[in-house]
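J.: Provided below for reference: sequence and predicted model.
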Amino acid sequence: MTANRVPGIAPKLMEILVAPGTHAPLRFDPERNELVDDRAGLAYPIRDGIPVMLPDEARQIDQGE
Amino acid sequence: MDRRRNADVIVETLDLAGKRVVDVGCGDGHLARHMARHGAAVLGVECSPRQLAKARAAEPQPGVEIVEGVGQALPAADASADVVVFFNSLHHIPPDFMVPALAEAARVLKPGGVVYVSEPLAEGVFYGVCRPIDDEAEVRALALEALRHAPGLRMVEEFRYLHTVRMASYEAFRERIISANAEREARFAVLDADMRALFAERATPAEDGGFRFDQPMRVNLLGKA
């Protein structure tokens, strides 16, 4: 997460935020307002400023997206 | 037993300045904001929609980030936290997930870090008032049992103190108790008259017009095994 600044989220906390279960690093997608686990192909939504770090709530990213 | 305030005990026990904290079951985030005011950077994790709504509504505090998540699958990197806090939250984790949640705390804890677990004891005036709605004696005992079998952690210290719970009114009490577990709303509806009577009988009037209740607390400090 080090290269990604997420608006409103302290860099010191984004550094430690990873995907639950896989512990994969996350990439911020500003267009969709999601935190993306590229390895697992999952996108975690940010709802009303609160990242939803639950695999059940994550969006499966389509091939070629 | 010493009379102390929960919020004072945590900042007097832990050296928070410059530390990275994961607050598991952070509720509306009030303790996370309190720790941030004492110099910590806090990642709060909460799963209750009602608590998350309150967290969203609260005044943002620099150094606090709250995410929706669960203790048994913490969204934090290995060895990334100086402190992991379970403030009155371990007993709210479903029993099958208590030990996994403590294993997660061990995973995210840095070597030399501290896991701070605060739990209300199943005794005292406030426990007695809440008991008809949801008797937590069993889940609190299970939480202590889980602490004693926490993988990757070892017990460093245990102490107790007497906390004063303050409630502005019966309605505030009801709201606080429902916040942690929405199923309790139906119990309150059924027991409304009994609960109002019990609240009135056990409450000590406070100077500010609200009410006070004693609640004994236990704190366990654990380190990496």
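T.: Everything's here; your move. Numbering: from 1, shown residues only, chains lettered A, B, ... in the order given.
J.: so which bits of chain B are right by chain A?
T.: Residues of chain B that fall close to chain A, judged by Cβ under 8 Å from any Cβ of the partner chain: B:20, B:22, B:41-43, B:45, B:47, B:52, B:55-56, B:60, B:62-70, B:73-78, B:80-81, B:108. No exception for glycine: its C-beta is placed from N, CA and C like everyone else's.
J.: 6 Å instead, please
T.: Neighbours of chain A within chain B, by Cβ under 6 Å from any Cβ of the partner chain: B:41, B:43, B:56, B:65-69, B:73, B:75-77, B:80.
J.: need the helices for chain B, in chain order.
T.: Taking DSSP state H, the helices of chain B run over residues B:6-13, B:30-37, B:49-57, B:95-108, B:125-130, B:137-148, B:170-180, B:184-190, B:192-202.
J.: can you tell me the closest non-neighbouring residue to B:Thr204?
T.: The shortest distance from B:Thr204 to any non-neighbouring residue, by Cβ to Cβ, 6 or more residues apart in numbering or on different chains, is to B:Arg212 (4.5 Å).
J.: just after the strand of greatest length in chain A, pick out the following helix or strand.
T.: Using DSSP state E to define each element, chain A has its longest strand at strand A:42-47. The element immediately downstream of strand A:42-47 (helix or strand, assigned by DSSP states H and E) is strand A:50-51.
J.: is any residue of that following strand near chain B?
T.: Yes: residues of strand A:50-51 contacting chain B under Cβ under 6 Å from any Cβ: A:Ile50, A:Pro51.
J.: flag every residue of chain A that's near chain B.
T.: So far as Cβ under 6 Å from any Cβ goes, chain A lies against chain B at A:9-10, A:12-13, A:16-18, A:20-21, A:48, A:50-53.
J.: against chain A, how distant is the nearest residue to B:Pro49 once chain neighbours are set aside?
T.: Among residues not flanking B:Pro49 along the chain, B:Ala182 sits closest, at 7.9 Å (Cβ to Cβ, 6+ apart). Relative to chain A, B:Ala182 is positioned 17 Å away (Cβ to the nearest Cβ, to the nearest Å).
J.: equivalent analysis for B:Asn88, please.
T.: B:Asn88 is 21 Å from chain A, by Cβ to the nearest Cβ.
J.: repeat that for B:Leu121.
T.: Separation of B:Leu121 from chain A (Cβ to the nearest Cβ): 31 Å.
J.: how about B:Met167?
T.: B:Met167 is 27 Å from chain A, by Cβ to the nearest Cβ.
J.: can you name the residues bridging to that residue?
T.: Bridge pairing for B:Met167 (DSSP bridges) gives the partners B:Phe211.
J.: circling back: of the residues of chain B next to chain A - the most surrounded one?
T.: Each of the residues of chain B next to chain A was scored for neighbours by other Cβ atoms under 10 Å in any protein chain shown, and B:Leu43 scores highest at 30 neighbours.
J.: so that one makes contact with A:Leu13?
T.: Yes: using Cβ atoms under 6 Å, B:Leu43 is in contact with A:Leu13, at 5.1 Å.
J.: so what sits against both of these two?
T.: Residues touching both B:Leu43 and A:Leu13 (Cβ atoms under 6 Å, 6 or more residues apart in numbering or on different chains): B:Glu65.
J.: if we can go back for a sec, neighbours of the residue nearest to B:Pro49, how many?
T.: 11.
J.: B:Ile178 too?
T.: With other Cβ under 10 Å as criterion, B:Ile178 counts 17.
J.: same question, B:Ser179
T.: 16.
J.: quick one, what contacts it?
T.: Contacts of B:Ser179 (Cβ under 6 Å, 6+ apart): B:Arg50, B:Gln51.
J.: again, only using 8 Å
T.: B:Gly27, B:Asp28, B:Ser48, B:Arg50, B:Gln51, B:Lys54 (Cβ atoms under 8 Å, 6 or more residues apart in numbering or on different chains).
J.: hang on, the earlier thing: the longest strand of chain A pairs with which strands?
T.: By DSSP bridges, strand A:42-47 pairs with strand A:34-37 (antiparallel), strand A:50-51 (antiparallel), strand A:59-60 (antiparallel).
J.: of those, which stretch is the most buried?
T.: strand A:34-37 (a mean of 24; mean count of other Cβ atoms under 10 Å in any protein chain shown).
J.: chain neighbours aside, what residue packs nearest to residue 34?
T.: Since you didn't name a chain, this refers to chain A. Nearest residue to A:Glu34 in three dimensions, chain neighbours excluded: A:Ala43, at 4.1 Å (Cβ to Cβ, 6+ apart).
J.: my question was about chain B, not that one.
T.: B:His34 sits nearest to B:Ala7 (Cβ to Cβ, 6+ apart), 5.4 Å away.
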